[in-house]
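Asks: below is the sequence, then the predicted model.
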Amino acid sequence: MTDSWDSQAETQETPGEGRRFPCGQCGAKLVYQPGTTVLVCEYCGFENPITESGGVIRELDYRAQLARLADGEVLQETPTVKCTACGAEVDRPGHVTAFACPFCGS
(Lines give C-alpha, C1' and ligand atoms only; values in the text may rest on other atoms or scores of the structure.)
Protein backbone atom coordinates (compact mmCIF):
# COMPACT_ATOMS: atom_id res chain seq x y z
CA MET A 1 0.00 0.00 0.00
CA THR A 2 1.12 3.53 -0.67
CA ASP A 3 0.33 6.62 1.33
CA SER A 4 -0.09 8.80 -1.75
CA TRP A 5 -3.18 8.75 -3.88
CA ASP A 6 -2.95 9.30 -7.63
CA SER A 7 -6.18 11.08 -8.57
CA GLN A 8 -5.61 10.56 -12.30
CA ALA A 9 -5.32 6.79 -12.02
CA GLU A 10 -8.03 6.17 -9.44
CA THR A 11 -10.79 8.60 -10.44
CA GLN A 12 -13.76 6.85 -12.01
CA GLU A 13 -16.63 8.38 -13.98
CA THR A 14 -20.00 6.81 -13.20
CA PRO A 15 -23.21 7.71 -15.06
CA GLY A 16 -25.50 9.99 -13.07
CA GLU A 17 -22.98 10.37 -10.23
CA GLY A 18 -20.20 12.29 -11.92
CA ARG A 19 -16.69 11.59 -10.69
CA ARG A 20 -16.22 8.95 -8.01
CA PHE A 21 -13.15 9.04 -5.80
CA PRO A 22 -12.51 5.63 -4.19
CA CYS A 23 -10.48 5.25 -1.00
CA GLY A 24 -6.92 4.10 -1.66
CA GLN A 25 -7.17 1.55 1.15
CA CYS A 26 -10.69 0.09 1.24
CA GLY A 27 -12.28 1.40 -2.01
CA ALA A 28 -15.19 3.22 -0.35
CA LYS A 29 -16.58 6.37 -1.96
CA LEU A 30 -14.82 9.49 -0.66
CA VAL A 31 -16.63 12.79 -0.16
CA TYR A 32 -14.84 16.10 -0.70
CA GLN A 33 -14.93 18.61 2.14
CA PRO A 34 -14.23 22.17 0.90
CA GLY A 35 -11.09 23.74 2.36
CA THR A 36 -9.31 20.45 3.00
CA THR A 37 -6.19 19.01 1.37
CA VAL A 38 -7.04 15.34 2.04
CA LEU A 39 -10.06 13.12 1.50
CA VAL A 40 -10.59 11.18 4.74
CA CYS A 41 -12.41 7.84 4.40
CA GLU A 42 -15.38 7.73 6.75
CA TYR A 43 -15.10 3.91 6.99
CA CYS A 44 -11.42 3.10 7.54
CA GLY A 45 -10.03 6.58 8.37
CA PHE A 46 -7.37 6.41 5.63
CA GLU A 47 -6.21 9.86 4.47
CA ASN A 48 -6.14 10.22 0.69
CA PRO A 49 -4.13 13.38 -0.16
CA ILE A 50 -5.40 15.73 -2.85
CA THR A 51 -2.56 16.56 -5.23
CA GLU A 52 -2.33 20.17 -6.37
CA SER A 53 -2.48 20.78 -10.10
CA GLY A 54 0.30 23.35 -9.98
CA GLY A 55 -1.38 25.39 -12.70
CA VAL A 56 -2.42 29.01 -12.38
CA ILE A 57 -6.16 29.51 -11.99
CA ARG A 58 -7.44 32.75 -13.50
CA GLU A 59 -10.86 34.15 -12.73
CA LEU A 60 -12.73 35.30 -15.83
CA ASP A 61 -15.67 37.68 -16.04
CA TYR A 62 -18.55 35.37 -16.98
CA ARG A 63 -20.53 37.82 -19.14
CA ALA A 64 -17.41 39.13 -20.92
CA GLN A 65 -16.29 35.58 -21.69
CA LEU A 66 -19.74 34.67 -23.08
CA ALA A 67 -19.72 37.80 -25.26
CA ARG A 68 -16.22 36.98 -26.53
CA LEU A 69 -17.24 33.42 -27.38
CA ALA A 70 -20.46 34.56 -29.08
CA ASP A 71 -18.60 37.06 -31.31
CA GLY A 72 -16.74 34.30 -33.14
CA GLU A 73 -19.66 31.89 -33.53
CA VAL A 74 -22.46 31.80 -36.06
CA LEU A 75 -25.65 31.42 -34.06
CA GLN A 76 -28.51 29.34 -35.35
CA GLU A 77 -31.88 29.41 -33.64
CA THR A 78 -33.83 26.18 -33.48
CA PRO A 79 -37.52 26.62 -32.73
CA THR A 80 -38.97 24.36 -30.05
CA VAL A 81 -42.46 22.95 -30.46
CA LYS A 82 -44.58 21.66 -27.56
CA CYS A 83 -46.70 18.57 -28.27
CA THR A 84 -50.36 19.18 -27.35
CA ALA A 85 -50.93 15.48 -26.59
CA CYS A 86 -48.05 14.55 -24.25
CA GLY A 87 -46.44 17.92 -23.46
CA ALA A 88 -42.97 16.97 -24.75
CA GLU A 89 -40.84 19.79 -26.12
CA VAL A 90 -39.14 18.91 -29.42
CA ASP A 91 -36.75 20.87 -31.62
CA ARG A 92 -38.51 21.40 -34.94
CA PRO A 93 -36.47 20.14 -37.92
CA GLY A 94 -35.57 22.84 -40.46
CA HIS A 95 -37.98 23.51 -43.35
CA VAL A 96 -40.69 21.33 -41.76
CA THR A 97 -44.07 22.70 -40.71
CA ALA A 98 -45.78 19.49 -39.51
CA PHE A 99 -44.29 16.30 -38.08
CA ALA A 100 -45.20 13.46 -35.70
CA CYS A 101 -44.13 13.70 -32.07
CA PRO A 102 -41.19 11.34 -31.54
CA PHE A 103 -42.43 10.54 -28.01
CA CYS A 104 -46.13 9.77 -28.43
CA GLY A 105 -46.56 9.69 -32.22
CA SER A 106 -49.42 12.19 -32.36
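Replies: Yep, it's here. The shown structure was predicted, so the numbers you read here are calculated from the model rather than taken from an experiment.
Asks: show me where pLDDT drops low in this protein?
Replies: Low-confidence segments of the chain (pLDDT under 70): 1-18.
Asks: now the helices for it?
Replies: 7-10, 62-71 (DSSP state H).
Asks: out of those helices, which gets nearest to C86?
Replies: Smallest distance to C86 across the helices of the chain (CB to CB): 33.7 Å, for helix 62-71. The C-beta positions use only the backbone N, C-alpha and C, and glycine is treated the same way.
Asks: next one: that closest one to chain centre, how far?
Replies: From the chain centre to the centre of helix 62-71 is a distance of 21 Å (CA atoms, centre = their mean, to the nearest Å).
Asks: then stretch 22-39?
Replies: Distance, centroid of stretch 22-39 to centroid of chain: 19 Å (CA atoms, centre = their mean).
Asks: renumber starting at 56 from here on
Replies: Sure, I'll start numbering at 56, so the last one becomes stretch 77-94.
Asks: what comes up buried for it?
Replies: Under the neighbour-count criterion of 16 or more other CB atoms under 10 Å, stretch 77-94 has P77, C78, G79, Q80, L85, L94 buried.
Asks: in strands only, show me those residues.
Replies: L94 (DSSP state E).
Asks: now the buried residues of stretch 77-94 as CSV including distance to Q120?
Replies: Below are those laid out as CSV (distance: CB to CB, whole Å):
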residue, distance to Q120
P77, 34
C78, 37
G79, 37
Q80, 41
L85, 32
L94, 31
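Asks: circling back: okay, the helices of the chain in CSV with mean neighbour count and distance to P148 next?
Replies: Converted to CSV, the helices of the chain look like this (neighbours: other CB atoms under 10 Å; distance: least, CB to CB, whole Å):
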stretch, mean neighbour count, distance to P148
helix 62-65, 10, 42
helix 117-126, 9, 25
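Asks: could those go into CSV alongside distance to A143?
Replies: Formatted as CSV, those follow (distance: least, CB to CB, whole Å):
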stretch, distance to A143
helix 62-65, 40
helix 117-126, 29
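Asks: which of those sits closest to C138?
Replies: Closest among the helices of the chain, using CB to CB: helix 117-126, at 30.6 Å.
Asks: no further questions, thank you.
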